[in-house]
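Novice: Sequence plus predicted model, see below.
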2 protein chains.
Amino acid sequence: MREPLLLPPPATSKPTAMAILASLVVVVVALLLHFAASPISKPTYHDLFLSLSDNSTAARHLRALTLRPHVASSAADAAVAAYVLSALSALPAHSASYGVLLSFPVRRSLSLAPSPSAPAAPFDLVQEVYPGDPYAAAAAEAIPTFHAFAASGAVAGPVAYANYGRVEDFEALVSLGVNLTGAVVLARYGKIYRGDIVRNAQDAGAAATVIYTDAKDYGGGAAGKPFPEGPWMPPSGVQIGSTYRGLGDPTTPGWACATGAGDGDGGECERWSVAEVAASGLVPGIPSLPVSARDGEAIHRTIGGRMAPDEWQGEEGSPVYRLGPGPGILNLTYMGNETIATIQNVFAVIEGKEEPDRFVLLGNHRDAWTFGAVDPNSGTAALLELAQRLWKLQKRGWTPRRTIVLCSWDAEEYGLIGSTEWVEENREMLSSRAVAYLNVDSAVAGPGFYSYATPQLDELIIDASKKVQDPDNSSQTLYESWIGSGNSPTIGRLGGGGTDFAAFVQHVGVPSVDIAFGEGYPVYHSLYDDFMWMEKFGDPMFHRHVAAASIWGLVALRLADDEILPFDYVSYALELQESTREIQHDVLGTPVSFSPLFKSIRELKSAATEINAEKKALEREIWGIKLEKNPLKVRELNDRLMMAERAFTDREGLCGRQWYKHLIYGPSQHNDYGSKSFPGIDDAIDEAKKSNASESWRFVQHEVYRVARAVTRASLVLKGKFT
Amino acid sequence: MREPLLLPPPATSKPTAMAILASLVVVVVALLLHFAASPISKPTYHDLFLSLSDNSTAARHLRALTLRPHVASSAADAAVAAYVLSALSALPAHSASYGVLLSFPVRRSLSLAPSPSAPAAPFDLVQEVYPGDPYAAAAAEAIPTFHAFAASGAVAGPVAYANYGRVEDFEALVSLGVNLTGAVVLARYGKIYRGDIVRNAQDAGAAATVIYTDAKDYGGGAAGKPFPEGPWMPPSGVQIGSTYRGLGDPTTPGWACATGAGDGDGGECERWSVAEVAASGLVPGIPSLPVSARDGEAIHRTIGGRMAPDEWQGEEGSPVYRLGPGPGILNLTYMGNETIATIQNVFAVIEGKEEPDRFVLLGNHRDAWTFGAVDPNSGTAALLELAQRLWKLQKRGWTPRRTIVLCSWDAEEYGLIGSTEWVEENREMLSSRAVAYLNVDSAVAGPGFYSYATPQLDELIIDASKKVQDPDNSSQTLYESWIGSGNSPTIGRLGGGGTDFAAFVQHVGVPSVDIAFGEGYPVYHSLYDDFMWMEKFGDPMFHRHVAAASIWGLVALRLADDEILPFDYVSYALELQESTREIQHDVLGTPVSFSPLFKSIRELKSAATEINAEKKALEREIWGIKLEKNPLKVRELNDRLMMAERAFTDREGLCGRQWYKHLIYGPSQHNDYGSKSFPGIDDAIDEAKKSNASESWRFVQHEVYRVARAVTRASLVLKGKFT
């Protein structure tokens, strides 16, 4: 914990216009004060923010947040919401509730027979606590291991192995002649979203799926020690998770039902029935269960038939993996309860002084499958630590130019439900007022800084990283550790569907950022994602937590305080150019022309260069006298910068998945975790490659045109003059 | 022509901030100037605008604009564009071109046989000029009478009579046992859009349509004298027109191809082929021709069979109308040329001083089927007269707070093409910046003021009408003549598709107005819509032209100059309440509940009342000192007022006609001229009444919810605080 900088308090009163008129002397004083900088400048406040970092606060919050498992809508979740509300109350804070469809396990059983004639032995489907586990008692409250939204049913069938359950894995099985009809597919976790594994298995004719944690991916190899000795997944550890392939409450697709909006009260809120949800195809039509590495190995031992390809095998020492189906028979029973439950988003609001109607939103979810020390409460701890610093800035006289909103989302784990409902409800309001959304899910899963952003924010993140200290090496900045031995950092994009930025970026077109320390961690979504794991392995000193809070907060402060928004669309144009080259490469030899898209990107680059020059011209005025006199000119420029991202959305949305409005970034159709550039073009290429019909290549061309037009519309928003 | 007010010129220089600092004396002077009103206040400029009206200018412009027939893309149309460009050049002005699909007649013939065995006699399909017609020579340049976008083909078949060609007319024919398969349908003009007549006939199995002008509707009765003796349609007069049922260039649905955007230049612009357009169903699949009253009567004489119902008959003295089909046989040949042609929109821009990025747009189309003295160039003459007044205001020191844009659209007659292409191209830009769109098509067709608006503009129009003199009675205001003997004026809504506000309102959600003097006129779209007709019958003194320019301009000036936008959403809420009651009445006894919609309207009313109070509070500050210091507060309020209308649009659009995004106002599905409130609910009710399936009533309920959600989103935009 570093000592905070001591600064003089700000002047508490300013002369009024009436006073100006009353006395010539006061006039001069007033004018001098008026044209001079504030007693404490915004950059000084930003430095102060960095200096106020406090790792003990982050640690304290994380411990308090993770005392009990707190799955969405549980009493423990409500208690955590109350904790967050209280911790943010000084800013002040409030909460908003929604009735949404969640899914809970009612009955689960899984038994394995080595052959159809042999007796079946049941699995206990329990994650074991270890001797001395301080959370052993609380662990009893944890939700049983399950796949949320899996179909209810009882199924018995021969087991077949499908590797990571990707489209290409099932294609390989088909080409190897493995018939999956009626089989129970055993797949391993790791490459794609589990909902897509189940979907792919269902499409292949499987009767059920069992997804296990392979020691090869989560065990740390021969020397890897399982938790609590090491960071790796214990043999009984199970990754819980959702298999819903949509976003937001499945019963309110595209809209929201706030609690009190009339559930049962005159029918003021429309809802799909559970049957309609099932018919949508976004929830599995077959039962599914997750199992541990130990159970997965046991199942593998009963699979015969052709040997699986080398790259499908487990780590050394595990049994040889075969494809099946059979002779092992899995008998799986799952009964889930899909029911409307109440979830709560918590908001803290620091109203902007000059532009209260411009929002810089920071968001993190709060619900966890178990204790959630990494996912998501490392982010929550960082958010609360950051909030404490902002509150201290406020006490020293700081107020942001724009409104800062801290958001604590609920039910992310079920399908980004809390954030999506809120965005859907406030879509038009956000579309006119949201400057940026800054997401942090798991703030800390280990070392190494990772960042994802819409490209106009790249420079801002890089700038901020140069001011934050590397949490793992106090002699360098975060920027230096981030670039490592390279020349420039890698910034990912926001097409994936794995966390709460999705609705902001992909539904509304809000410039967004997502950051984290560490990428993946072995005890993900298991009982072992607890404070002990974090303290022992994830971030023993909690320096990564405060570094996350520092860069998150600094980016937010720049966005909230800079008179001219720190957006650079030249970066965007260059990124688009690069992505277009890549996708063009993918269809070489076809009739598809990317020249309309390249042309629109050139226009965007030119519009971006122009507005950058305008910014420069205006910035020269900031240090003179004129700017104070022309806040509307600043606002105009900022509005163009803010609204340009919206223009990348198309109202018709992606073909076949209309909710996705952004034409530049969206998830892969076959892996919700996979981020795609130009997802509509990508979908069309997929289809055209399958059919190779000239019509389907023309549809690819149509999608290229559609993106080109969106890029052109963004240029027209960036351009200042009426044309 | 009234004498303009003489006012002192404004101060030409103002003290700068540097000067303020240089001298205390100057400071005082500057402050006094700063806080005092400008030398000439905005309201004074608005009075000056009214006093500058000049009917001789309007008459001169109208004469010049209507020298030759000037159908879209013709040389004469280009000449008129050049004239408008030159007349507006002082503001200054520029033009923008698009390549769009237009339709031209290549071959037309129509002959009639009294029976299948009798010889056929051809019609000459020519509108006659009268002795002494000063436009006789120019009339030779007029486009032959035709229906734009009708299918090419040669058809012979028995004639059947279908009254006005409405859905209910064809239903009546079915119930009377009249078989239209293979028949040539004879329908009369007047109640619905001609494109819908042809569509209904096609749906009924007709092989072709002939649409005539019935003397009952356009002849003025027994005493009605045809032009040039009277205002009525001469016996040979034919209403030309489009039968395209879409909006904008049919080959670029939802987007635009600006000329130079790559037609044939690397394929930078996507276009549907003419075959794809035909497949869309938005252009007729059968041939069609318009004919005169005389030809219509001749055809009627050959129709036998059952007598038509009383209300289907013509005026006294005309032959008895029978239903057919036959024995008369019509032989119709039509060959059209659908081709990409270049059209031009002309824009004049007066850049706003304080908020150049907020647009108040005034629009009128310029292309005409023939001379276009009423439709549309009475509007063009008013626009140019208005422009001259604005230019005079500029010379006296006025600059608007917001940018004023005068738009002269091309190819409206073919399907609102010029305006729609421009709106589609600039959709996102307009969505962030357009304050309002004020349309005038035919400014003057006769006496009587008619107004249509999105309801937040009602009060503004009423206010403005109280300041404009009634052109037909100088002892009263326009408001007084408008309300007549009633208590309040009737303001129509903007759901119809007949003119250029459609894309602004129905595609983007821009608050809009449409005004006119006179409602309908007998020589509509015929050769006789010329300057003579206007001078003799439409507006002999051109006082109606200047009254149109006055109210149009005054509404624009208020929107451009008022610090706080003169929008009142309480009017909107009341109007919605009324419309909901009406549509509710339509489904009494069904399971549909309108309570969600009523609830959302109550929320809107409360949000509207709140923002009105905020406006009042701020307005109190305007006359004090504080307002000058907080332009961002004003801007914030205005942004909420401007953006609320956008929230009435839904990105998914109307079911089955996605281009229409506005859920409150849109055209009737069966009559493009018909304005509907809640068109999506209306469509669904239509369908449900037909099928009476419980599922279809549930879909009505879904549409009610959808509108309710849009209204709620509008409330959230109006509300100031973060919630």
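Specialist: Ah, there it is. Quick caveat, the model's predicted, so the values are computed rather than measured.

Novice: Quick check: which element contains residue A:107?
Specialist: Here residue A:107, judged by DSSP states H and E, is contained in strand A:93-113.

Novice: CA atoms only for that strand - export them in PDB, please.
Specialist: Listed in PDB are the C-alpha atoms of strand A:93-113, where the atom choice follows Å, rounded to 0.1, in the frame of the first residue of the first chain:
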ATOM      1  CA  ALA A  93     -25.500   3.400  -5.700                       C
ATOM      2  CA  HIS A  94     -28.800   1.700  -6.500                       C
ATOM      3  CA  SER A  95     -29.900  -1.600  -7.900                       C
ATOM      4  CA  ALA A  96     -32.400  -2.700 -10.500                       C
ATOM      5  CA  SER A  97     -34.100  -6.100 -10.700                       C
ATOM      6  CA  TYR A  98     -35.300  -8.300 -13.600                       C
ATOM      7  CA  GLY A  99     -37.300 -11.500 -13.800                       C
ATOM      8  CA  VAL A 100     -35.300 -13.800 -16.000                       C
ATOM      9  CA  LEU A 101     -35.300 -17.500 -16.900                       C
ATOM     10  CA  LEU A 102     -32.600 -19.400 -15.100                       C
ATOM     11  CA  SER A 103     -31.900 -23.100 -14.900                       C
ATOM     12  CA  PHE A 104     -31.200 -25.300 -11.900                       C
ATOM     13  CA  PRO A 105     -30.400 -29.000 -11.500                       C
ATOM     14  CA  VAL A 106     -33.100 -31.000  -9.800                       C
ATOM     15  CA  ARG A 107     -31.900 -34.600 -10.400                       C
ATOM     16  CA  ARG A 108     -28.600 -35.900 -11.900                       C
ATOM     17  CA  SER A 109     -27.300 -39.300 -12.200                       C
ATOM     18  CA  LEU A 110     -24.700 -40.900 -14.400                       C
ATOM     19  CA  SER A 111     -23.600 -44.500 -14.400                       C
ATOM     20  CA  LEU A 112     -21.200 -46.500 -16.600                       C
ATOM     21  CA  ALA A 113     -21.300 -50.100 -17.700                       C
END
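
Novice: If we ignore the residues flanking it in sequence, what's nearest residue A:430?
Specialist: Take residue A:430 and drop its neighbours on the chain: the residue closest to it by C-beta to C-beta, 6 or more residues apart in numbering or on different chains is residue A:508, 5.5 Å away. Bear in mind the C-beta positions are built from the backbone N, C-alpha and C, glycine included.

Novice: again, but for residue A:350
Specialist: Closest residue to residue A:350 apart from its sequence neighbours, by C-beta to C-beta, 6+ apart: residue A:404 at 4.4 Å.

Novice: What pairs with whichever helix or strand the one you found is part of, parallel or antiparallel?
Specialist: For residue A:404, the host element (DSSP H and E) is strand A:402-409. The strands that strand A:402-409 pairs with in its sheet are strand A:329-350 (antiparallel), strand A:355-365 (parallel) (by DSSP bridges).

Novice: Provide the contact partners of the helix or strand that it is followed by at residue level.
Specialist: From strand A:402-409 onward toward the C-terminus, using DSSP H and E, the following helix or strand is helix A:417-425. Identification of contacts with helix A:417-425 by C-beta atoms under 8 Å, 6 or more residues apart in numbering or on different chains yields A:72, A:96, A:98, A:100, A:102, A:247-249, A:252, A:254-258, A:343-345, A:363, A:365, A:367, A:407, A:409-412, A:430, A:500, A:502-504, A:507-508, B:713, B:716.

Novice: which among those residues end up buried?
Specialist: Neighbour-count burial (16 or more other C-beta atoms under 10 Å in any protein chain shown) applied to these gives A:72, A:96, A:98, A:100, A:102, A:247-249, A:252, A:254-258, A:343-345, A:363, A:365, A:367, A:407, A:409-412, A:430, A:500, A:502-504, A:507-508, B:713, B:716.

Novice: okay, now residue A:139: neighbour count?
Specialist: Other residues within reach of residue A:139, judged by other C-beta atoms under 10 Å in any protein chain shown, total 19.

Novice: contacting residues around the spatially closest residue to it that is not a sequence neighbour?
Specialist: By the measure of C-beta to C-beta, 6+ apart, the closest residue to residue A:139 outside its immediate chain neighbours is residue A:129, 5.3 Å from it. The neighbourhood of residue A:129, defined by C-beta under 8 Å, 6+ apart, consists of A:135, A:136, A:139, A:527.

Novice: For the last one, list the residues it contacts.
Specialist: The one in question is residue A:527. Residues in contact with residue A:527 (C-beta under 8 Å, 6+ apart) are A:69, A:127, A:129, A:139, A:142, A:237, A:238, A:370, A:371.

Novice: Next, format those residues as JSON lines and append distance to residue A:565 and secondary structure.
Specialist: Below are those laid out as JSON lines (distance: C-beta to C-beta, whole Å; DSSP: H, G, I helix; E, B strand; the rest coil):
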{"residue": "A:69", "distance to residue A:565": "41", "secondary structure": "coil"}
{"residue": "A:127", "distance to residue A:565": "47", "secondary structure": "coil"}
{"residue": "A:129", "distance to residue A:565": "50", "secondary structure": "coil"}
{"residue": "A:139", "distance to residue A:565": "47", "secondary structure": "helix"}
{"residue": "A:142", "distance to residue A:565": "44", "secondary structure": "coil"}
{"residue": "A:237", "distance to residue A:565": "45", "secondary structure": "coil"}
{"residue": "A:238", "distance to residue A:565": "45", "secondary structure": "coil"}
{"residue": "A:370", "distance to residue A:565": "40", "secondary structure": "coil"}
{"residue": "A:371", "distance to residue A:565": "39", "secondary structure": "coil"}
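
Novice: Alright, calling it a day.
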